[in-house]
Every structure is written in structure tokens, then in C-alpha cells.
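K.L.:
Predicted model follows, preceded by the sequence.
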Amino acid sequence: MLPLASSPTLTLPSLSSSCSSSSSTLLDLRNCKSFNYFRQLHAIAIKTGQITDPLVAAEVLRFTAISSGRDLSYALQIFDEMPEPNIFSWNTIIRAFSESDEAPLDAVRIYIRLLHNDLPKPNRYSYPSLFKACARNSAIKEGRQIHCHAMKLGFFKDGFVLTNLARLYTLCGRMDDARKLVTRSFLQPGSEANAVLHNILIDGYCGLGMISNARQLFDEMNCKSVISWNGMISRYTEVGLFKEAVDVFYVMQVDGVSPNYVTLVGVLPAISRLGALGLGKLVHAYAAKNEIEVDDVLGSALVDMYGKCGSIEEAIHLFEALPKENPVTWSALIGGLALHGQAHDAIHYFHMMEQAGVIPSDVVFLGVLNACSHAGLVDEGKVYFNRMVTIYGLKPRIEHYGCMVDMLSRAGFLEEAEELVNNMSMKPDDVIYKALLSACRIHDKPEVGVRAAKHLLQLAPAAGDCHVLLSNFYASLGDWEAVAEVRLRMKKLDIRKNPGCSWIAVDGRINEFFVEDYSHPRTREIHLMLEEMAGKLNEEGYVSDTTGVLLKIDEEEKDSMVLYHSEKIAVAFGLISTKPGMPLRVIKNLRVCGDCHEF
DNA sequence: CAGTCCTTGG
């Protein structure tokens, strides 16, 4: 007997002719969306005997196994009671388990049952699910064995089988095995499946942090689809290589591939982080010209771009024209306002969001808290933090605590900040202690600072930025012995901080500068300009502010250190490569140092 | 196989 629907109060559709034929029940089952209606149809199928129709039975199984209202144990019960399930039903139950959170590897157990004689042979639809199941459990051994089965059964040309195998190997970190699928592939070189296979490999390299291997394979492949290009752009953005992302965006067009909607959504975050307003405007214009719809998603990316590129009026203007149901659209704007120190505007839009009935996400609160932190609105920050928890039931993430600790610390409430760190509902990370420690230096709170420093060294024993922060903290206390110890440790363990970096776009080309950077083709002119600028400023009474250089070296050396900061080089380059009066937009990965700000 | 917003520090 098949399990019957158990609810006692079902309203059954009358058993009219309309549902007495197999074909109409079959259709109803295929189109069925609600679980309750499904159970009624299931009951009818049993009552009328239609359930013996293999097509109807398979459809019943499909609904319970892989529809949105799936119920795995119900599905297995149905499957087990099918007299002779066909391969379609075997594949359905295998897929159901492979996609389940509870027991993906049960898919393999069912597959083993399927391998007995007298049962249907697995087909090309069996294997993708099995590889997915193995991948989710990192079951490389099982995966390899099933790989052999699939090859023996002749699926070595099947795109779906091969791509899912590639996914399995890349997710298990077996890039060599994954690459063999390409080199020994029977796929047509220019085929869609071959492109997918390559894309998965490229993604696999990126997942393992091997971005240059990814790029090499990308350059070698001669079957690039627009998805390949989009993927490479997004991967570069993901790892913070924004200039590379934009470069790929250029090369793509040189290669004659037209950017699509996803390309624009993918490249905009990179453009934002480079502050390349001109390029961002071009992307906006491209969308308009090519009838690419600026919906909430693309619109949010554009709002973010205008905000991060310093064009906050444009951001607001565009925001007003967008649909406003998506919290991301709001957080893009609120984040932009926070970045610009327009805390009250950020709060204003937050209230508008609430009035519009949009449920704020935790990211929106990051924007609001960040705004409060930058503007020193401590009381307001506390109010919104509490509001997030009590009204919206959102669990604060470590980032929210980061904002709060930063807010309290910057405002000088170091003891309160430390108390929050000690009482927060999760283990504080290095970011939290960095916020705390850096404020201890500014507000001269050595006791709190020493405690934070201890935690920091424990949490991030090999992070360059933490060590610089530690060194600066001890230097501010005049504890040069401790400074030397930190610096020595850095040398011994080869710990380096990732360098400050500034970008400036000129004529649509991104120029990247590091500290004391002499690599640019126009480096001679740049440095002549730097000296000229410094000379003129000195005449006007400018004195370099070297208080940020916490090293025991003489003043002259400090002067030359701050003069070659990346943002000054970028400004000098901007001056020699644009017409007088042109605005220069420089963006950098770190905070601008005090002297550069003054300069 | 590709997509928007996300704390801190140097």
C-alpha cells in the first residue's frame, strides 16, 4: 500500500470525469504547487488505481522528492513501495538525496542498490546528482569509483556528467584530476560544454586562491563564452584585484564580446572600489544605449558606484528613480552617505525605508552604524543597534560589534568599548581589537591598549597590519624596546603588511601606485612634479606632518617617507596628465594619512 | 559555469 494522505479534514475534489482519467491527474500533478492539493491528487490516484500508471507514480515521486515542498522521508517511502521503479524514478530519488541537507551520501547508497542485476541501468541523468552528492561531502573516494562507472558506461562525452565531475574534483581541491578531464576530454573544442568545463576549472582555481593559474587557463581557452568573461571579472573583484577586473572588462570588448547585464553588475563593484567615476558613467550610459534594464540589482550597483566615487548627488538622484522594495538598494545609498560623513542623511533614509515598509537587512544597519561611528553619534548608534535586535530580531554579526566598538573607541569611551568586547555574544576577532587598540593610541589609554595588544597578537600572530598597529601603539607609549621586539618578530617571520595603494583613472585608464612607486612609465615626470609641489607648498608655509610615522628615525627621513605616499604620487600623476582645472579623483585602499590630507 | 549592499587597521 502506498501511504495515504493523513489529514482528516481534506476537501476532496469531486471524482468527476475531469479527474478520473490518468492523463488529467498526470497534468494536475505536474502543475501542482501546493502540498495540500498534492495530497488530494495522490489520494485520488490511489483510489482510482491510476497510481499503477508508471507515469503517474513517477510524478508523485517527483513532487515529494524534488519540488519546493519536498519531503524526503515521504519520498523514500513512496519510492520503496513502487513495484518496479523505472530509471527516471531511481534518478529522482537519487537527486532528492543529493540535494538534501541531511544525507547527501544516501544518494550513493541508493545508487549501490541500483547496481544490482535485473534493475535498470544508470543513465546520463544518474551521474550528475551522484557527483554533486559526493562533492557536498568531499567524498573523493566514492566519487572516483563512480567516475569509473560513468566512463565504463560510455558517458565520457557527456557535458553534464563531465562538468559535475569537474566540480567534484575542484571542490575537493584536486585540480590535477579536474584538469585531466579537459586534456583527455572528448568534448568538441568549441562546444558549450567545453566552455562550461573550463569555467568550472577557473572557478576551482580561484576557490583555492590560485588566481594566476585561473587567469592562465582563461587566457589559453579558445571557447570563451560571455559567462567566462563575466566569471573572470567577478573573481578578480572578489579577491580585491579591481584593476585586473576592469582590465578584463576592456579586453573582453576588444575581443568583440558584448557585455551583458551580468557583466555590468559584475564589473561595477570593481569600478566603485577604484573610484573610477568616468568609467562608471560609461557603464551607466552603455546600459541605457543597449536597452539593458536598470532594475533594482543593476541600479543598486550603480548607486553604490556613484556613492563610492564621491558623486553622492548622482547616487541620490539615481536612487530616486529606482524601485525601492529591495533592501540592497537602500543599503547601497545609506552606505554611500555613511562614507561621505553624511550621518544625518543616512539616518533620514533609514527612516524613509522603514516608512516605505521595507524590512531593513543587517547590512543596512551596518551602514547606519558606520554613519554614526564616523560622525561621533554615539547615543544614536546605540539606539539603532538596539532597534536592530529588539524590533527587527536581527542577530548582530561580528561586523556590527566592529562598528560599535569602533564608534565607542573613536569617541573616547575606551572602557565601555572594552566592556562590550568582553561581553559580546561571540569571540572577538582581530578586527575588533584593531579598532580598540588604534583608539587607545589616539586617546592615550595604555592599560586598555596593552590588554588589546595581547589579544591581537594571539588572534593574528602573522598579520602584517596588526604588527604595524602594535608597533605604533608601543611607539606612542615611548616603549621603544617593545617596538623593536615587534619589528624583529616581523623580520624573523617575514611578516609584511599589505601596502597602501592609490588609483587614479585618466582617459579611462586606471593607474595604480604604491608607496615609493617608481614603476610607472612617466615616473620621472611624476617625481619632478612631486618635488615642485612640495617646494611650492613649503613656500606657502606648509610643514610636513610626520606624527603618523612612528619610527625612531630622524625628521628628514620621515619627511621623505610621507612625501612618497601613494596618494601623493597619484595626485602628481593626475596633475601632469590632465588639463589644468580638471578634477582629480584619487581613491586608496587605506585611510589617507594626516600629512597627505594636509598636503 | 556569471550578478547588487557588508565593520576595522596599517
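P.N.:
Great, that's in hand.
K.L.:
now chain A, which segments are flagged as low pLDDT?
P.N.:
Counting by pLDDT under 70, chain A contains low-confidence ranges at A:1-22, A:548, A:550.
K.L.:
just so I have it, where are all the strands in it?
P.N.:
A:501-506, A:509-514, A:586-588 (DSSP state E).
K.L.:
Can you tell me the strand partners of the shortest one and which way each runs?
P.N.:
Strand A:586-588 has the following strand partners under DSSP bridges: strand A:501-506 (antiparallel).
K.L.:
returning to what we had before: ranking the strands of chain A by burial, who's on top?
P.N.:
strand A:501-506 (a mean of 23; mean count of other C-beta atoms under 10 Å). To be clear about C-beta, it is placed using only N, CA and C from the backbone, and glycine gets the same treatment.
K.L.:
Can you pull out the residues in contact with that strand?
P.N.:
Here strand A:501-506 makes contact (C-beta atoms under 8 Å, 6 or more residues apart in numbering) with A:242-243, A:274-279, A:510-514, A:566-567, A:569-571, A:573-574, A:577-578, A:584-590.
K.L.:
Output the strands of chain A in TSV; the columns should cover distance to A:Leu27.
P.N.:
Output for these, formatted as TSV (distance: least, C-beta to C-beta, whole Å):
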stretch	distance to A:Leu27
strand A:501-506	58
strand A:509-514	57
strand A:586-588	58
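K.L.:
Within its local environment, how many residues does the residue in the stretch 451-599 of chain A positioned nearest to DNA strand B see?
P.N.:
In the stretch 451-599 of chain A, no residue comes nearer to DNA strand B than A:Asp465, which is 2.6 Å away by C-beta to the nearest atom of the strand. Using other C-beta atoms under 10 Å, A:Asp465 is surrounded by 15 other residues.
K.L.:
Might you report the residue contacts of the residue nearest to it when sequence neighbours are not counted?
P.N.:
For A:Asp465, ignoring the flanking residues on the chain, the nearest one in space by C-beta to C-beta, 6 or more residues apart in numbering is A:Lys497 at 4.9 Å. Contact partners of A:Lys497, counting by C-beta under 8 Å, 6+ apart, are A:Gly464, A:Asp465, A:His467, A:Val468.
K.L.:
Spatially central residue for chain A, please.
P.N.:
Nearest to the mean C-alpha position of chain A, by C-alpha atoms, centre = their mean, lies A:Glu238 at 6.1 Å.
K.L.:
OK, contacts around the nearest residue to it once chain neighbours are set aside?
P.N.:
Of all residues not flanking A:Glu238 in the chain, A:Cys206 sits nearest, at 7.3 Å (C-beta to C-beta, 6+ apart). Contact analysis of A:Cys206 by C-beta under 8 Å, 6+ apart lists A:Ala214, A:Arg235, A:Glu238, A:Val239.
K.L.:
With A:Cys501 as the reference, measure out to the closest residue to the second one other than its chain neighbours.
P.N.:
Spelled out, it's A:Arg235. Distance criterion C-beta to C-beta, 6+ apart; nearest residue to A:Arg235, sequence neighbours excluded, is A:Cys206 at 4.4 Å. Distance, A:Cys206 to A:Cys501, using C-beta to C-beta, to the nearest Å: 21 Å.
K.L.:
Would you mind naming what in the stretch 101-250 of chain A lies close to DNA strand B?
P.N.:
A:163, A:167, A:192, A:195-196, A:199-200, A:203, A:225-228, A:230-231, A:234, A:237 (C-beta under 7 Å from any atom of the strand).
K.L.:
Separate out the buried members of the contacts of A:Lys497.
P.N.:
Among the contacts of A:Lys497, those classed as buried by 16 or more other C-beta atoms under 10 Å are A:Gly464, A:His467, A:Val468.
K.L.:
shouldn't the first one be in contact with A:Arg496?
P.N.:
Yes. The criterion here is C-beta atoms under 8 Å, and A:Gly464 meets it with A:Arg496 at 4.8 Å.
K.L.:
what residues do the two have in common as contacts?
P.N.:
Residues within reach of A:Gly464 and of A:Arg496 at once, by C-beta under 8 Å, 6+ apart, are A:Met490.
K.L.:
give me the residue from the stretch 401-550 of chain A nearest DNA strand B.
P.N.:
A:Gly402 (1.8 Å).
K.L.:
re earlier: from the contacts of A:Cys206, which two are the most distant?
P.N.:
Spanning the widest gap among these are A:Ala214 and A:Glu238, at 11.1 Å by C-beta to C-beta.
K.L.:
which residues sit in contact with the residue of the stretch 401-550 of chain A closest to DNA strand B?
P.N.:
Contact analysis of A:Gly402 by C-beta under 8 Å, 6+ apart lists A:Val431, A:Ile432, A:Ala435.
K.L.:
and it, how far is that from A:Ala417?
P.N.:
11 Å.
K.L.:
overlap in contacts of these two?
P.N.:
Each of A:Ala435 lies in contact with both A:Gly402 and A:Ala417 under the rule C-beta under 8 Å, 6+ apart.
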